[in-house]
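Asker: Structural data only, the sequence is not supplied:
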């Protein structure tokens, strides 16, 4: 066999193995119609294959589910089975999974039920809660390909490594200790360096709400699965927007914590050891309170004693209380919270649905009596330039190596490195330039105390997740709205705000498209796509930003 | 002028300018006798030049001083003047200063006194407290040479940079806001990469307790000044032991916090942007409670809003309380605290005074009813290898550049880089290897819960600062006892334990020297040198380790 036919055969066999993991009874009776016939496969569409009871379970949020499974009101087996079924359907609709291990999951669920029956108490706060994971996390008995054909049948490309099928990432260990049930791993673009989810194994993961569009990336399978309620909560990773882009594109809350808050130990990654901009793990879910619950649960495991890069920083309830006090205070008419809004990063104009999303945010904030100021930060082009250098510091060597293992071609959506690696002197200069940029941004943030009327700088600022509400394949031209957050190491959470509407989100006839992103807007194609906006906080302000996101998300629901 | 004579002239002029900064009235009437005549210039020796009142002030610790200057009992001017005088004497005895700016200090002190007179309250918790700084911190109107001849007359080697004499480091800004008085900057080895303090400007800084020996480095001037009570508390920096070595060599408490706890923003450094092992700022003082006070004060300034690398982690009083509760519990006879002791790192045997210091620690712990276990960690050779690679990742380019500015020769004690820089692929591999080593050490630490009897792993472990009680010039052959802490990013504080005693610390006649460090021991030469031992805690456990150091330091005083 030639190298080319070899990678194709391997990929095809893996693709078939994934499909074969779906029990016969859960297979779709007929192929999914094309997007031109069925654009949106969420809600009613996927519900047609599910029982009332399965719908009830899978459309409850993680907090509701955990409150029932950890008190014996719902059995772990029933809940697990419902999510396995819905996840299997989701995969058949949009190609969002790399691994399904439903039997192992049901076995775990049975043990949890037995434990509860015996002790009349849960193993932990996530007792019986199904949790989906991006295909970077290692789980015993389950493969990790991370979208690389060259990783099929081995450990991260290392043939014969004893960790193959035999290793668990730290987060996995913690989730098990908390009582969570693991049952599937979600699709990613090979390399993880892409805002679309495409690889030579499962090929393309589509946006369930609008199958003309991408689900986003790199935690794209996670976003698509959650949009279809094939999971109540999951974990992605984010080095340039990879949690936030698929969260925004799938009408989800998604948290990009600052580095050091969540345990990456023992998970696969690209360019491992690149420490200028660290990839971070963050949760994604349809409700903000699900993110709060799972972050709190993971931190209760004291990951700082098991992952050397995690900070000794337990969940800070006092910060939650302080933030709630500010919210309450603002209800009394005292201006106690203030936010910036960034409408345009100076590089790429946003599409009309996103501009409308920002207006909804602004009117909601004003309705609630919060101060809103325009956000006029240091150059975001500078951040983009720093991020580009960090991502490609090795000249693309790591990516080329892993594609080279099988000879598979590199999908064009991957953000490829230049072929000239940095020297150490260039790298240290980059690290200094990054720190200086962080300092400049920090000083700008501090300076807003002059404008807020609260006596403090802004409590956070809003910013598009992307210039698009989802995006057409090959259409993602600007990651600047997310990657500056990684350069700054700020906390960010996406809020689902609205959906693109071809009848509303039209460009006025006199508008000249401002740039090549702007040109791409087509109201018809984008119709129905979710609009996500980020709320950004300072470094390590996860508790504050999640508390604000929960509050504002509820209020947005009342506005939209 | 040739390049060579040029650097010599520049260095000589600077050396004379430093001496000229000493007011006539404070100059020593006669040159200091050689070490063979006067070994120890601390205590009685330096006191001969001071008034009773000056001795009372300068031999009070920072906590005592601040309690008086912040309540108007002592004037800031009187205290400042006493320390300026004693610092000027210290420099004449052991060459420990790079900068003296006594007039500016007295002007600041006058303003503080005026403030207090007007408001009857202090500016901050450090109101009127003199604080010395290693010559890496920028202070308006004061030069920073960091020991490089090429930095004389410019900003960090950049000629014409407007920041020259016009820039203040973040820590300096915070200390001023807290009410501290800055009055001198202490000597360092050029490059900072040396455990002895030597440069072509001030030449060699000697150990005040034993002038045959080094004061340690790289915060060596700081250590020597504090030993002579020319300062009540100061700040050094530590990338491989540079706070702890001079603290140990000068009978001081010195804290090496984990990275991200103290603000390095705006300070000079070597190989800035090297982020594999970050240099950290730490305080040094004759009492542990002085370190507590100044750490708490600095953190009260919320440095995380002014330095992008500082973590949002205020001083944790709850951790102090929990630690005190464990101490109290142990007094009741319940074994509630447990410690490891590392006697030998598997590389270099320690000299007899250090071995005795460890025995004093052990007997003290046992007397107090604490559990002691031998510390058998993962290979420290591995840590040393990782540290070496990190320190020399640029192949020595940064160091060579700064020496090259003036053409001055590189002192032989500098830990020179190899001349082959790492590639980015080698660097990322180094970062991964470092993280794996941290994980291995962490797992070992966790495993000690099997041995302690407290139900928890050890609360900390003790380890030599160096194989020596101070060291003869050019004698420092092994930094492994400190630099592994930097690789692990652990918290460490040095405790002054005892002094080398030629009558006690003799090698038994049958002992074969184990290695080339061991061979160097000479009981006569080392007589009187301070013995420092480190207490090491996990990452970011500053509050716990300082609380333990304060407690155990007091108890050691009772034993020794």
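Answerer: Yes, it's here. Being a predicted model, the structure only gives us computed values, none of them experimental.
Asker: quick check: mean pLDDT across the helix or strand harbouring residue A:18?
Answerer: Assigned by DSSP states H and E, residue A:18 belongs to helix A:3-20. Across helix A:3-20, the average pLDDT comes to 91.
Asker: now swap in stretch A:477-488 and tell me
Answerer: 96.
Asker: ok, now stretch A:374-385?
Answerer: 98.
Asker: Could you pull out the buried residues of it?
Answerer: By neighbour count on 16 or more other Cβ atoms under 10 Å in any protein chain shown, the buried set for stretch A:374-385 is A:375, A:377-378, A:380, A:382-385. Heads up, the C-betas are built off the backbone N, CA and C, glycines and all.
Asker: and it with chain B, contact?
Answerer: No. For stretch A:374-385, no contact with chain B is found by Cβ under 8 Å from any Cβ of the partner chain; the gap never falls below 12.5 Å.
Asker: That stretch: end-to-end distance?
Answerer: Stretch A:374-385 has an end-to-end distance of 24 Å (Cα to Cα, to the nearest Å).
Asker: Then stretch A:18-28?
Answerer: With Cα to Cα applied, stretch A:18-28 spans 15 Å between its terminal residues.
Asker: Can you list the buried residues in that stretch?
Answerer: Buried, per 16+ other Cβ under 10 Å, within stretch A:18-28: A:18, A:21-22, A:26.
Asker: How much space separates the residue of the stretch 1-150 of chain A found nearest chain B from residue B:353?
Answerer: Residue of the stretch 1-150 of chain A nearest chain B, by Cβ to the nearest Cβ: residue A:138 (14.6 Å). Distance of residue A:138 to residue B:353, given as Cβ to Cβ, to the nearest Å: 49 Å.
Asker: re earlier: tell me the helices and strands packed up against the helix or strand following the helix holding residue A:18.
Answerer: Next along the chain after helix A:3-20, taking DSSP H and E as the criterion, comes helix A:44-47. Secondary-structure packing of helix A:44-47 (3 or more Cβ pairs under 8 Å, 6 or more residues apart in numbering or on different chains; DSSP states H and E): helix A:76-94.
Asker: Give me the mean pLDDT for the helix it packs on.
Answerer: Rounded mean pLDDT across helix A:76-94 is 98.
Asker: Between helix A:3-20 and it, find me the angle.
Answerer: When axes from the mean of the first three to the mean of the last three Cα atoms, to 10 degrees is applied, the directions of helix A:76-94 and helix A:3-20 differ by 140 degrees.
Asker: contact partners of the next helix-or-strand element following helix A:76-94?
Answerer: Next helix or strand after helix A:76-94 toward the C-terminus (DSSP H and E): strand A:97-100. The contact list for strand A:97-100 (Cβ atoms under 8 Å, 6 or more residues apart in numbering or on different chains) reads A:18, A:21-22, A:84, A:87-88, A:90-91, A:135, A:139, A:142-143, A:145, A:147, A:183-188, A:201-202, A:221, A:225.
Asker: Parallel or antiparallel, which strands does strand A:97-100 pair with?
Answerer: Using DSSP bridges, the strands paired with strand A:97-100 are strand A:181-186 (antiparallel).
Asker: Any quick ChimeraX command for the buried ones out of the contacts of strand A:97-100?
Answerer: In ChimeraX, a selection of the buried entries from the contacts of strand A:97-100 looks like this (16+ other Cβ under 10 Å):
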select /A:18,21,22,84,87,88,90,91,135,139,142,143,145,147,183,184,185,186,187,188,201,202,221,225
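Asker: ok so, going back, can you name the two of the buried residues of stretch A:18-28 that are farthest apart?
Answerer: A:18 and A:26 (13.3 Å; Cβ to Cβ).
Asker: how does chain A divide into domains?
Answerer: As given by the TED database, the domain ranges for chain A are A:6-305, A:330-505+A:515-557.
Asker: In TSV, list the ones you listed along with distance to residue B:38.
Answerer: Formatted as TSV, the domains of chain A follow (distance: least, Cβ to Cβ, whole Å):
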stretch	distance to residue B:38
domain A:6-305	50
domain A:330-505+A:515-557	45
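Asker: any idea which of those domains scores lowest on pLDDT?
Answerer: domain A:330-505+A:515-557 - the lowest mean pLDDT of the domains of chain A, at a mean of 94.
Asker: By residue count, tell me the biggest helix in chain A.
Answerer: Using DSSP state H, we find that the single longest helix of chain A is helix A:424-447.
Asker: Show me which residues of the stretch 351-500 of chain A are close to chain B?
Answerer: A:393-395, A:397-398, A:421-425, A:427-432, A:435, A:438-439, A:442, A:446, A:488-489.
Asker: give me the residue from the stretch 451-560 of chain A nearest chain B.
Answerer: Taking Cβ to the nearest Cβ, the stretch 451-560 of chain A has residue A:540 as its residue nearest chain B, at 4.4 Å.
Asker: ok, now which ones touch that residue?
Answerer: A:257-258, A:260-261, A:311, A:313, A:491, B:304, B:311-312.
Asker: Specify the local secondary structure of it.
Answerer: Secondary structure, DSSP: H, G, I helix; E, B strand; the rest coil: residue A:540 is coil.
Asker: Closest to the centroid, which residue in chain A?
Answerer: For chain A, residue A:243 is the residue whose C-alpha lies nearest the centre (Cα atoms, centre = their mean; 2.4 Å).
Asker: any idea how far residue A:419 is from that one?
Answerer: 29 Å.
Asker: now do residue A:314
Answerer: With Cβ to Cβ as the criterion, residue A:314 and residue A:419 are 44 Å apart.
Asker: same deal with residue A:106?
Answerer: 48 Å.
Asker: and these two? which has more neighbours close in?
Answerer: residue A:106 (17 against 10; other Cβ atoms under 10 Å in any protein chain shown).
Asker: Can you name the next helix or strand after whichever strand or helix holds that one?
Answerer: Take DSSP H and E as the rule and residue A:106 turns out to sit in helix A:102-119. Sequence-wise, the next helix or strand downstream of helix A:102-119 (DSSP H and E) is strand A:130-134.
Asker: Next one: the helix or strand following that next one, is it in contact with chain B?
Answerer: As assigned by DSSP H and E, the chain's next helix or strand after strand A:130-134 is helix A:170-177. No. Judged by Cβ under 8 Å from any Cβ, helix A:170-177 and chain B are separated, with a smallest distance of 9.2 Å.
Asker: The residue nearest to the centre of chain A touches residue A:285, doesn't it?
Answerer: No. The criterion here is Cβ atoms under 8 Å, and residue A:243 misses it with residue A:285 at 11.2 Å.
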